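Enquirer: Need coordinates for the following:
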Amino acid sequence: MSGQGVVAKARFKTADSFTGSRDVKFSLSNLRAMDSGGNPIELWGGTATVHVLLSGGEIWPGDCNNDGVVNAADVLPIGVYYGNTIGIQNKPGISWQGYLRDGWPSDNARKNLLADANGDGSVNSVDVLAIGLNYGKTHQPVVLGKTVSPQMADGVLQVGTPENKPVLGSTLRIPITLKSSKPVYGVAFILKYGSSSSSNASSVKLLRVDTLNSMLGGGLMVSRISDEEGTAEIGLTKTQGVGVAQGVVLNLFLDAPPKSPLWVEVSNVTGNDEHGNAVNLAGSVFRSDATGATGSSSIPTEYALMQNFPNPFNPTTSIQYQLPDAGFVTLKVFDMLGREVAVLVNAERAAGQYTAQWDASAMPSGVYCYQLTARGVKGGSFVQTRRMVLLK
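Expert: Numbers count the residues shown, from 1 in each chain. A predicted model of the protein is given here:
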């Protein structure tokens, strides 16, 4: 037998009156042992103090939704519980470490404590500072509650069409609008943007994000922008009133090369209602052949399959795709079991932009996939699949 290892495990049960957290001392004494020859071995006992936590948990400042990472979505719980007084000031602070907080007997109390990012006992705009300080940091989250299965989308965050003329010079205004079957109180998403005419992602710059006259304006917003990567993480939430189901969420002001292809995509969307319940929102993508110009090139420079619009839809939707080369094209629709339910295109196509329509009148509500396969005469090939939601 080796000289070290686990000898035994013990399980302890606390009394029903034991709540909150406290230090518990465990002690081992009067130990007796022998080797394989029956010779006695002298062992020493000892004591150990363990912090036992029955109610409450570990708070990491800035991770207000307890998903293990600090990002733009963490502003949403602050909006939901804004103005609430927690009444617990247990080790306040925003430096990156886990703080043990006592006493959350209910799920709602736990969410309030998570939203109180700096631990001062109330949920307010000061808690946003913890998000900024610890942005991008991660930890192992405490899994609380039951796992929620993926749900069908309740709506879409739609990238609108830029104005025909630049606002000033080469600056374009692009609205991001919400269409949802459920009221939305806060939303967070990843924004990607660029110009396919340039290998340099920084050829398109996000000048500002404007929430003036926004359906979610007047609340809190967190954003992190990287023009070098052509990405932005954005989260915004109301702090009073009720959620809304449709309208302009914000306006993007982009500086893009004149008469150059432009694309803007919204993905990884997180939404919630005024009670903190999840609202499942799909993203979308916008592509144009030219910015700030009335005309555009008729030959695309790359293959692309766009997000269908509208999405969710009932019962018809449009699917746009583009081909830089002539070739054979198929566009098919599948259900979530992988069964083919419709063939929208199965023919030779010249290079250019196309729109296919799908009438799903005979299909049940649910999530469907559509897949574009193209084989160009010059040897190029392309396969891409996207999801869409039929909501009757």
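
Enquirer: Please make it C-alpha for all contacts and neighbour counts, starting now.
Expert: Noted.

Enquirer: so where is the stretch 201-350 of the chain shaky, pLDDT-wise?
Expert: 201-202, 258-260, 288-299 (pLDDT under 70).

Enquirer: Run through the helices of it in chain order.
Expert: Shown for the stretch 201-350 of the chain, no helices are assigned by DSSP state H, counting those that start in this stretch.

Enquirer: Over to the stretch 1-150 of the chain?
Expert: According to DSSP H, counting those that start in this stretch, the helices that the stretch 1-150 of the chain contains are 75-80, 107-115, 128-133.

Enquirer: Now do the biggest strand by length in the chain: which elements does it pack against?
Expert: Ordering each strand of the chain by length in residues (DSSP state E) puts strand 171-184 first. Applying 3 or more Cα pairs under 8 Å, 6 or more residues apart in numbering; DSSP states H and E, one finds that strand 171-184 contacts strand 155-159, strand 244-255.

Enquirer: Show me what secondary structure element comes after that strand.
Expert: strand 186-194 (DSSP states H and E).

Enquirer: Show me what that following strand pairs with in its sheet, parallel or antiparallel.
Expert: Strand 186-194 has the following strand partners under DSSP bridges: strand 231-237 (antiparallel), strand 262-272 (antiparallel).

Enquirer: that older thread, will you turn the helices and strands packed on strand 171-184 into JSON lines that also has mean neighbour count and distance to Leu337?
Expert: Converted to JSON lines, those look like this (neighbours: other Cα atoms under 10 Å; distance: least, Cα to Cα, whole Å):
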{"stretch": "strand 155-159", "mean neighbour count": "25", "distance to Leu337": "23"}
{"stretch": "strand 244-255", "mean neighbour count": "20", "distance to Leu337": "31"}
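
Enquirer: Among those, which comes closest to Met388?
Expert: Nearest to Met388 among those is strand 155-159; the distance by Cα to Cα comes to 10.2 Å.

Enquirer: which residues sit against that closest one?
Expert: 174-182, 264-266, 269, 280-286, 311-312 (Cα atoms under 8 Å, 6 or more residues apart in numbering).

Enquirer: filter the residues you listed to the buried ones?
Expert: 174-182, 264-266, 269, 280-286, 311-312 (16 or more other Cα atoms under 10 Å).

Enquirer: so of the helices of the stretch 1-150 of the chain, which one's packed in deepest?
Expert: helix 75-80 (a mean of 28; mean count of other Cα atoms under 10 Å).

Enquirer: which helices and strands sit right next to it?
Expert: helix 107-115, helix 128-133, strand 186-194, strand 220-226, strand 231-237.

Enquirer: Need the contact partners of it.
Expert: Under Cα under 8 Å, 6+ apart, the answer for helix 75-80 is 64-65, 111, 114-116, 123-125, 127-128, 131, 185-188, 219-222, 235-240, 272, 274-276.

Enquirer: How about stretch 62-70?
Expert: Counting by Cα under 8 Å, 6+ apart, residues outside stretch 62-70 touching it are 71, 73-75, 77-78, 94, 111, 114-118, 127-142.

Enquirer: I'd like to know how many residues surround Phe382.
Expert: 15 (other Cα atoms under 10 Å).

Enquirer: Equivalent analysis for Pro40, please.
Expert: Pro40, neighbours per other Cα under 10 Å, totals 11.

Enquirer: Spatially nearest residue to it, not counting backbone neighbours?
Expert: Nearest residue to Pro40 in three dimensions, chain neighbours excluded: Met34, at 4.2 Å (Cα to Cα, 6 or more residues apart in numbering).

Enquirer: From Val266, how far out is that neighbour?
Expert: Distance of Met34 to Val266, computed by Cα to Cα, to the nearest Å: 68 Å.

Enquirer: so what's Pro312 closest to, chain neighbours aside?
Expert: Pro312's closest residue in space is Val389 (Cα to Cα, 6+ apart), at 4.7 Å.

Enquirer: Return the helix or strand that contains that neighbour as PDB; C-alpha atoms alone will do.
Expert: Using DSSP H and E, Val389 sits in strand 381-390. Extracted C-alpha coordinates of strand 381-390, given in PDB (Å, rounded to 0.1, in the frame of the first residue of the first chain):
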ATOM      1  CA  SER A 381     -17.300  25.800 -54.900                       C
ATOM      2  CA  PHE A 382     -19.400  27.100 -52.000                       C
ATOM      3  CA  VAL A 383     -21.700  25.500 -49.400                       C
ATOM      4  CA  GLN A 384     -23.400  27.400 -46.600                       C
ATOM      5  CA  THR A 385     -26.300  26.700 -44.300                       C
ATOM      6  CA  ARG A 386     -28.500  29.100 -42.200                       C
ATOM      7  CA  ARG A 387     -31.500  28.700 -40.000                       C
ATOM      8  CA  MET A 388     -34.900  30.300 -40.200                       C
ATOM      9  CA  VAL A 389     -38.000  30.200 -38.000                       C
ATOM     10  CA  LEU A 390     -41.600  29.600 -39.200                       C
END
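
Enquirer: Look at Arg32 and say how many residues are nearby.
Expert: 10.

Enquirer: can you give me the strands in the stretch 1-150 of the chain?
Expert: All strands of the stretch 1-150 of the chain, identified by DSSP state E, counting those that start in this stretch, fall at 21-28, 33-34, 40-41, 46-53, 56-59, 99-102.

Enquirer: hmm, who's touching stretch 232-240?
Expert: Residues contacting stretch 232-240 (Cα under 8 Å, 6+ apart): 71-76, 78-82, 185-192, 216-226.

Enquirer: Which residue ranges make up each domain of the protein?
Expert: Annotated domains of the chain cover 21-53, 58-133, 151-297, 298-392 [automatic domain parsing].

Enquirer: avg pLDDT for the first one?
Expert: Looking at domain 21-53 alone, the average pLDDT works out to 64.

Enquirer: model confidence over stretch 159-173, on average?
Expert: For stretch 159-173, the per-residue pLDDT averages 64.

Enquirer: Can you get me the start-to-end distance on it?
Expert: OK, stretch 159-173 end separation, Cα to Cα: 11 Å.

Enquirer: Could you shift the numbering so residue one becomes 30, and keep it that way?
Expert: I'll keep to 30 as the first residue from here, and by that count the last item is stretch 188-202.
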